[in-house]
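Novice: Dropping the sequence and predicted coords here.
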Amino acid sequence: MRALPGRDSRTSLKDSPARVTRDGVKADQRQRILRATGELVAKRGYNAVTIELIVKRAKVSYKTFYAHFSNKEECFLELFDAVMAQTRAQIDAALAAEAEAPWPQQVVAGLRALFDAFIADPLIARASIVEAPTVGPLIIERYEKAMTVLSPLLSQGRESSPQPDELPATLEDTLAGGVLWSAYQRLIVGEADRIEALLPEAIEFVLRPYIGEAEAAMWAKWSLQPAGAPAPSAP
């Protein structure tokens with residue numbers, strides 16, 4: 001809560017030392033280092049980023065950097081894990097809000113949450129999605145797992161399919177990868193602001209194998225409606 005005008009000038013100098021704890025300073029330093037690493041990797045590429053650049057951007061000393069991380073790779077891995085965890089949490093929250101909704105509506109909510117995460121912080125999204133594979137072997141397993149974040153949600157569509165046994169075993173991972181690839185293409189050319197326009201196309205792409213072209217197109221069109229618009233009925 002922001003202090004009222006005048007009140008801040010009377011209390012901030014007196015109260016600040018009590019609020020600034022050692023743990024708080026360390027947490028702030030760590031976040032600045034992680035943020036600086038992500039922004040630099042997004043702009044320069046992982047291999048071109050040095051610890052010297054990171055400490056300058058984060059406004060910390062080398063000693064402070066090494067108090068938190070042993071090297072650049074460890075720092076980036078923590079950033080990647082944090083971004084993926086936050087994105088999953090946003091998707092989970094969106095799905096929880098639609099827990100009683102039809103499965104296609106949950107897919108719309110999940111995809112919108114994913115794209116919103118990219119749009120909200122495009123530099124960090126670029127670092128995590130575009131540049132992460134260049135880091136090295138330690139991140140590959142993490143990266144491949146992150147690329148299938150939508151798979152559990154999509155697999156529920158098999159219950160809606162008239163012929164579930166004919167769907168390939170790898171369908172969900174393929175669809176999830178396709179959605180992320182479309183966002184990847186926008187991030188790599190610096191067009192994060194155009195990711196939102198991909199939503200209807202992504203919705204239709206992932207729904208079509210389960211519920212057919214006509215119904216998938218219907219849900220894709222519905223995703224463009226204002227919040228609170230009545231959900232469509234099956235054709």
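Specialist: Nice, I can see it.

Novice: For this protein, which segments count as helices?
Specialist: Secondary structure of the chain, counting by DSSP state H: helices at 7-19, 22-44, 51-58, 62-68, 72-97, 103-120, 122-126, 137-146, 151-155, 171-188, 199-211, 213-222.

Novice: Can you point out the buried residues in the longest one?
Specialist: Residues of helix 72-97 classed as buried under the neighbour-count rule (16 or more other C-beta atoms under 10 Å) are 72, 75-80, 83-84, 87, 90-91, 94-95. (C-beta placed from N, C-alpha, C; glycine too.)

Novice: Surely residue 68 is in contact with residue 30?
Specialist: Yes: under the criterion of C-beta atoms under 8 Å, residue 68 is in contact with residue 30, at a separation of 5.1 Å.

Novice: Next one, pLDDT for the residue nearest in space to the middle of the chain please.
Specialist: When the chain is reduced to its mean C-alpha position, the nearest residue by C-alpha atoms, centre = their mean turns out to be residue 87, at 3.9 Å. In the prediction, the pLDDT value recorded for residue 87 is 95.

Novice: Identify the residue nearest it in space, chain neighbours excluded?
Specialist: Taking C-beta to C-beta, 6 or more residues apart in numbering, and ignoring the residues beside it in sequence, residue 87 has residue 117 as its nearest neighbour in space, at 4.7 Å.

Novice: related to what we said a few turns ago, point out the one among the helices of the chain that comes closest to residue 162.
Specialist: For residue 162, the closest of the helices of the chain is helix 199-211, at 8.8 Å, according to C-beta to C-beta.

Novice: Run through the residues that contact the residue nearest to residue 81 when sequence neighbours are not counted.
Specialist: Among residues not flanking residue 81 along the chain, residue 142 sits closest, at 6.8 Å (C-beta to C-beta, 6+ apart). Under the criterion of C-beta atoms under 8 Å, 6 or more residues apart in numbering, the contact partners of residue 142 comprise 77, 80-81, 84.

Novice: For residue 190, state which of those is nearest.
Specialist: residue 80 (20.2 Å).

Novice: just checking, that closest one touches residue 139?
Specialist: Yes: Residue 80 lies in contact with residue 139 (C-beta under 8 Å); the separation is 6.4 Å.

Novice: Which neighbours do those two have in common?
Specialist: Contact criterion C-beta under 8 Å, 6+ apart; residues bridging residue 80 and residue 139 by contacting each: residue 132.

Novice: Now residue 53. Nearest residue, chain neighbours left out?
Specialist: The shortest distance from residue 53 to any residue other than its chain neighbours is 5.5 Å, reached at residue 40 (C-beta to C-beta, 6+ apart).
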